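> Predicted model and sequence follow; I will ask about them next.
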Amino acid sequence: MIAVYRQPYPDLNLLLTWCSIASFLWIGLLAEFGRITSRIELNTNDFIIKKTGHNERHYLYSDILAYNERDNFSRAESFNELTVYLKGNWFFIRSNEFKEYNYLKEQFTHYGQPIPYRKVLSLAERNRFRWLIGGLALLISVNIAFGYIAHNPVTSNPARLTTFTAIVDRVSEDRPKGFLKGVVISLRTYPALSFYISRRNFNTRLDGLKSTIAPNYPITLLIRESDYRKKVAKTEPLTFGDKYSDYKQILVFGVNQADSVQLQATMPVQESTRTNPTLRTILLGFLLLFCWTGWAYIDRHQILRAE
């Protein structure tokens, strides 16, 4: 098992979610940029083609089966696009990307026959996209299953709270894009844990809390009794969700340090469910729908085979 720094359990909740999103975006970028012709080299009897992210390939001029020229456009400009169909492969060149477009067009259109434009893929491209889309669908399915496995049952009773005292190591703010979401306290005795004071649980502002809490002095924190038993005292076994869904973070509902800090949450506290499987299924289900759409889109392409 791979463990992160100062944390015995990886945060699979975050890892699976970001991997699913990143893989989806990566496949989209590969589909868009992996078909772009980045280099062409013409020789006497053959030529070299290189697509972005692919190795260069050598072809004879006799490998050209057909070609098509059409008008195309982007948001910025319009241009001519020449698509060349080969034995087992294809490529296109655009007049806004190659200064020698007219010369290249003259060379390639000496061979093959003009045909209407067709959406094509090489057999290797089709198989590669199928593997990627299938792998992404599997990853998303595992992510959905994790949401159910890591889910702790909902209870209607309020959570029992308890206090404990330890020495403050450091204090930091959780302030993404300048907006204060909470304050993080690290305790000298429990370096693998971070105690999070979320602004959502308090009616008072937390802007000056970081400067008020003194490092290297004792502090008393109010947390869920279940978190104390499982993560602080370690007298109760962790559930799967406790381990692999943000194990490091413990929510704080009260802070007391001498006479300088006295903070108490006013909202009722419930036990943590760790995940929301229903919402997770709905959101990730949209990615599965995109996977199915991508698979169907790939199957609509004509496949160019070498034989």
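It's in.
> what are the ranges of the strands in the stretch 201-307 of the chain?
218-224, 249-251, 254-257, 261-264, 302-304 (DSSP state E, counting those that start in this stretch).
> what's the closest of these to residue 32?
Set against residue 32 and scored by Cβ to Cβ, those come closest in strand 302-304, at 19.6 Å. Where C-beta positions appear, they are placed from N, C-alpha and C, glycine not excepted.
> Show the average pLDDT along the closest one.
Taken as a whole, strand 302-304 carries a mean pLDDT of 92.
> Repeat that for stretch 137-156.
In this model, stretch 137-156 has a mean pLDDT of 93.
> Confirm for me that residue 231 is in contact with residue 250.
Yes - using Cβ atoms under 8 Å, residue 231 is in contact with residue 250, at 6.2 Å.
> Show me the common contact partners of the two, please.
residue 193 (Cβ atoms under 8 Å, 6 or more residues apart in numbering).
> now the strands of the stretch 201-307 of the chain as JSON lines including mean neighbour count?
Shown next, in JSON lines, are the strands of the stretch 201-307 of the chain (neighbours: other Cβ atoms under 10 Å):
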{"stretch": "strand 218-224", "mean neighbour count": "20"}
{"stretch": "strand 249-251", "mean neighbour count": "20"}
{"stretch": "strand 254-257", "mean neighbour count": "19"}
{"stretch": "strand 261-264", "mean neighbour count": "15"}
{"stretch": "strand 302-304", "mean neighbour count": "15"}
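> Ok, which of those strands comes nearest residue 282?
Among the strands of the stretch 201-307 of the chain, the nearest to residue 282 by Cβ to Cβ is strand 249-251 (24.5 Å).
> Each with direction, which strands does that closest one pair with?
Paired strands of strand 249-251, with direction, are strand 190-198 (parallel) (DSSP bridges).
> what is the mean pLDDT for the strand it pairs with?
Average pLDDT, strand 190-198: 94.
> and if you look at stretch 92-105?
Across stretch 92-105, pLDDT averages out at 95.
> can you pull the buried residues of that stretch?
Counting neighbours by 16 or more other Cβ atoms under 10 Å, one finds that the buried residues in stretch 92-105 are 92-93, 95, 98, 101, 104-105.
> same deal with stretch 133-153?
133, 136-137, 139-140, 143-144, 146-147, 149-152.
> next one: stretch 160-180
Neighbour-count burial for stretch 160-180, counted by 16+ other Cβ under 10 Å, picks out 161, 166, 168, 171, 173-174.
> what's the average pLDDT for that stretch?
Averaging pLDDT along stretch 160-180 gives 93.
> Run through who's touching that stretch.
Contact partners of stretch 160-180, identified using Cβ under 8 Å, 6+ apart, comprise 181-191, 196, 199, 206-207, 210, 213-226, 228, 232, 253-254, 256-257, 269.
> which among the residues you listed end up buried?
181-187, 196, 199, 206, 210, 213, 219, 221-224, 226, 228, 232, 253-254, 256-257, 269.
> Contacts only, for residue 101.
Applying Cβ under 8 Å, 6+ apart, the residues near residue 101 are 80, 82, 93-95.
> Please apply the same query to residue 244.
Here residue 244 is in contact with 9-13, 146, 150 (Cβ under 8 Å, 6+ apart).
> Of these, keep whichever come out buried.
Buried by 16+ other Cβ under 10 Å: 9, 11-13, 146, 150, out of these.
> residue ranges for the helices of the stretch 1-150 of the chain, please.
Taking DSSP state H, counting those that start in this stretch as the criterion, the stretch 1-150 of the chain carries its helices at 12-33, 101-108, 123-149.
> between those helices, which gets nearest to residue 291?
helix 123-149 (4.4 Å).
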